[in-house]
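A.B. asks: sequence and predicted structure, then a few things I'm wondering about:
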Amino acid sequence: MNDYNRECKIPSPAIDCDTDYKYRTIDGTCNNLKHPQWGSASTAQARFLEAHYDNGYDSPRNTGTHGAKLPSARVISNILHRSTEKTDFDPHLTVMHMSYGQYLDHDLIATPIVMGINNSDLQCCGVDEIGPECIPIDIPTDDPYYNRSCMSLTRSSPAPRVDRVPGAREQLNEVTSYIDASTVYGSDDEIAASLRTFKKGLLITESHERLPSGGKSKCFLETEADYCQKAGDKRVNVVPNLGALHLLFVREHNRIAERLAAINPSWNDETIYQESRKIVSAITQHITYNEYLPEILGQRHMEMYGLYSNTSGFHRIYDEKLDASVRNVVGAAAFRFGHSQVPNHQAVFDKYRRPTMVKPIEQTYHRPHMCAMWNGRGADGLMRWLTTAHSTASDRFFESGVRDKLFQDKDKISMDLPAVNIQRGRDHGLPGYNKWREWCNLPVAKTFSQLRDHDRHTTKLLSQLYRFTYLIDRHPDDIDLFAGAMAETTIPDSLVGPTFACILSMQFQALKRGDRFWYENPFRKTGFNQDEVVRLTAKTYDSISGVRIL
């Protein structure tokens, strides 16, 4: 397969690290002692392949091989990603698999967008002249849902160039790249401190063990009892299932902290907090690589890239030459495969696993009511739903709640998630589908008939979308990565096709081998002892992940 020597690197400024410090820094710096900023918060996202911008350095990829404008992302979504009347469900997975993937994604990457004056949203539709940071999506006149011609979208914020080194536009990652439960603890000292009680290592919770109030992101309250939840990641209120998972891991931290305090009465608050944080991070890593990823990648890729944990004991895998930073293509395309798993509703189940509340998903965006209701017992009901109901199948089809009604406001203005994903890939200068096939050592199509990993009908649709525009014959090189890879036939025993399987395998290999604090490493100062590692690797944490239907 490919190697890491082809990656794009951005120089890092010098930073002093305390080599004797035994815990992760909150912002991810000094994980790699030779490259202290690798994987840290507020740095540029790394790349596997160089950016492909229309002008070579910053303008979105909007032009095809022969000079024609690429098709509208909404048109691609309508033809390739529109769901059928009957929703297909995965017979083996619960909705928790989707929800955990969303939670994990937020642990790894957060890409800010360009904002207007006083942090206002830029208006990219219905104005006389759009600004350079607007990338609106054209809506066709015969659209099956929208009766407008423009979908407003703003570009991702550019990352500042280190030492003013010139180069192509890069995008910022606001959070740490490492699997370190930054969703629980935050990615900067200010947020981390605001979540702590500074007593016995505990995190702040509201009454009835609920998440603390004070979240600053977009949040709508439906009743007087509702409040905007606060967590290590500001996206906690985006959808109720996400808030429930945040709460689960906060409760787990406090449960561990209480046990550690009882066993080690001499430990102070800081030691209990850091040791609990280390364990929660290890649990997150173990769940990710032994319950979540195998369902996505299948046994062959898990073994080929060395992603499974050891069945028992230490596993020295750290490679200080390997940058664990999340690659641009993962956040902007490959890890977005999970959007096709999002169901059309959110639900709360009672203790008998019966639904007591079911809401269309468009009525739950940025509304924490289902978490806050019943003095927080709504979150428990959400968890019962997540671990009971079947997940929507992972395929090229997206439910209407995300494809037509994403973030729908009071005026019924909404977004299309797969269209946004395609447009975001162009914004980030992601090379086309064929370039990634080549990078993965997979067959590359020189004609549309040579597309190898799509069924006949899907090949026809891709040809229809990308082949002809204004009488100009296109090339398969024009196919957007997200569209082409999402439409692939999945490889056996997995949820993705070969292109996304390759990209995700490379990323998660880097996240494991490039993390000095990876829980299996035999580094006594920063890690665990032999008995602790055995206990961590032996436990499946089914009660936390609920990935499979029991």
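C.D. replies: Yes, it's here.
A.B. asks: now A485: how far from K22?
C.D. replies: In this view, A485 and K22 are 41 Å apart by CB to CB, to the nearest Å. For every residue, glycine as well, the C-beta is placed using N, CA and C.
A.B. asks: more neighbours: which of those two?
C.D. replies: Neighbours were counted for A485 and for K22 using other CB atoms under 10 Å; A485 has more, 26 against 14.
A.B. asks: mind checking the SS state of the more buried one?
C.D. replies: helix (DSSP: H, G, I helix; E, B strand; the rest coil).
A.B. asks: which ones are touching the residue nearest to it when sequence neighbours are not counted?
C.D. replies: The spatially closest residue to A485, leaving aside those adjacent along the chain, is T499, at 4.2 Å (CB to CB, 6 or more residues apart in numbering). For T499, the contacting residues are Y433, W436, R437, C440, L442, D453, L481, G484, A485, E488, by CB atoms under 8 Å, 6 or more residues apart in numbering.
A.B. asks: tell me, what's the model's pLDDT at T499?
C.D. replies: T499 carries a pLDDT value of 98.
A.B. asks: just confirm it is within a helix.
C.D. replies: Yes: assessed by three-state DSSP, T499 belongs to a helix.
A.B. asks: what sits against the residue minimising distance to the centre of the chain?
C.D. replies: Nearest to the mean C-alpha position of the chain, counting by CA atoms, centre = their mean, stands D105 at 2.5 Å. Going by CB under 8 Å, 6+ apart, D105 touches G331, F335, G338.
A.B. asks: following the host helix or strand of it in sequence, what is the next regular element?
C.D. replies: Here D105 sits within helix 95-108, counting by DSSP states H and E. Sequence order places strand 137-138 as the next helix or strand after helix 95-108, per DSSP H and E.
A.B. asks: who are the packing partners of that following strand?
C.D. replies: helix 73-76, strand 150-151, helix 417-427 (3 or more CB pairs under 8 Å, 6 or more residues apart in numbering; DSSP states H and E).
A.B. asks: select, out of those, the one closest to E224.
C.D. replies: Of all the helices and strands packed on strand 137-138, helix 417-427 sits nearest to E224, with 31.8 Å by CB to CB.
A.B. asks: what about the very next helix or strand once past that closest one, average pLDDT?
C.D. replies: Downstream of helix 417-427, the first helix or strand assigned by DSSP H and E is helix 433-439. Confidence over helix 433-439 (mean pLDDT, whole number) is 98.
A.B. asks: could the helices and strands packed on strand 137-138 go into a markdown table alongside mean neighbour count, distance to G243 and mean pLDDT?
C.D. replies: Formatted as a markdown table, the helices and strands packed on strand 137-138 follow (neighbours: other CB atoms under 10 Å; distance: least, CB to CB, whole Å; pLDDT from 0 to 100):
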| stretch | mean neighbour count | distance to G243 | mean pLDDT |
| --- | --- | --- | --- |
| helix 73-76 | 24 | 29 | 97 |
| strand 150-151 | 20 | 27 | 96 |
| helix 417-427 | 26 | 19 | 98 |
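A.B. asks: now these in TSV, with distance to N55?
C.D. replies: Shown next, in TSV, are those (distance: least, CB to CB, whole Å):
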stretch	distance to N55
helix 73-76	20
strand 150-151	23
helix 417-427	13
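A.B. asks: CA atoms only for the longest helix along the chain, dumped as CSV, please.
C.D. replies: The residue-count maximum for a helix in the chain (DSSP state H) belongs to helix 240-263. Output in CSV follows, covering the C-alpha atoms of helix 240-263 (Å, rounded to 0.1, in the frame of the first residue of the first chain):
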residue,chain,number,x,y,z
PRO,A,240,-29.9,14.8,21.4
ASN,A,241,-28.1,11.5,20.9
LEU,A,242,-24.8,13.3,21.0
GLY,A,243,-25.6,15.0,24.3
ALA,A,244,-26.5,11.6,25.8
LEU,A,245,-23.1,10.2,24.9
HIS,A,246,-21.3,13.2,26.3
LEU,A,247,-23.2,12.7,29.6
LEU,A,248,-22.3,8.9,29.6
PHE,A,249,-18.6,9.6,29.5
VAL,A,250,-18.8,12.4,32.1
ARG,A,251,-20.6,10.1,34.5
GLU,A,252,-17.9,7.4,33.7
HIS,A,253,-15.2,9.9,34.6
ASN,A,254,-16.8,10.7,37.9
ARG,A,255,-17.5,7.0,38.7
ILE,A,256,-13.8,6.2,38.2
ALA,A,257,-12.7,9.3,40.1
GLU,A,258,-14.8,8.3,43.1
ARG,A,259,-13.3,4.8,43.1
LEU,A,260,-9.7,6.1,42.7
ALA,A,261,-10.2,8.5,45.6
ALA,A,262,-11.5,5.7,47.8
ILE,A,263,-8.5,3.4,46.9
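A.B. asks: quick one: the residue nearest to the centre of the chain from F523, how far?
C.D. replies: Note on D105: its distance to F523, by CB to CB, is 27 Å.
A.B. asks: kindly report the same for L242.
C.D. replies: Using CB to CB, L242 is found at 33 Å from F523.
A.B. asks: quick one: which of those two has more around it?
C.D. replies: With neighbours defined as other CB under 10 Å, L242 and F523 compare such that L242 has more, 23 against 15.
A.B. asks: tell me the pLDDT of the more buried one.
C.D. replies: For L242, the model assigns a pLDDT of 97.
A.B. asks: returning to that earlier point: closest one to R235 among the helices and strands packed on strand 137-138?
C.D. replies: Nearest to R235 among these is helix 417-427 (14.6 Å), distances taken as CB to CB.
A.B. asks: whichever of the contacts of T499 end up buried, select them in PyMOL.
C.D. replies: Remark: buried members of the contacts of T499, expressed as a PyMOL selection using 16 or more other CB atoms under 10 Å:
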select buried, resi 433+436+437+440+442+453+481+484+485+488
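A.B. asks: can the contacts of T499 go into JSON lines with extra columns for distance to P71?
C.D. replies: As requested, those are arranged in JSON lines below (distance: CB to CB, whole Å):
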{"residue": "Y433", "distance to P71": "14"}
{"residue": "W436", "distance to P71": "19"}
{"residue": "R437", "distance to P71": "20"}
{"residue": "C440", "distance to P71": "24"}
{"residue": "L442", "distance to P71": "24"}
{"residue": "D453", "distance to P71": "21"}
{"residue": "L481", "distance to P71": "15"}
{"residue": "G484", "distance to P71": "13"}
{"residue": "A485", "distance to P71": "17"}
{"residue": "E488", "distance to P71": "19"}
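A.B. asks: show me which of the contacts of T499 is closest to G378.
C.D. replies: A485 (36.2 Å).
A.B. asks: quick check: pLDDT value at the closest one.
C.D. replies: So, for A485, pLDDT stands at 98.
A.B. asks: likewise T311?
C.D. replies: Note for T311: predicted pLDDT of 79.
A.B. asks: now name the helix or strand holding it.
C.D. replies: For T311, there is no enclosing helix or strand under DSSP H and E.
A.B. asks: now for N375, how many residues are close by?
C.D. replies: Around N375 there are 12 other residues, counting by other CB under 10 Å.
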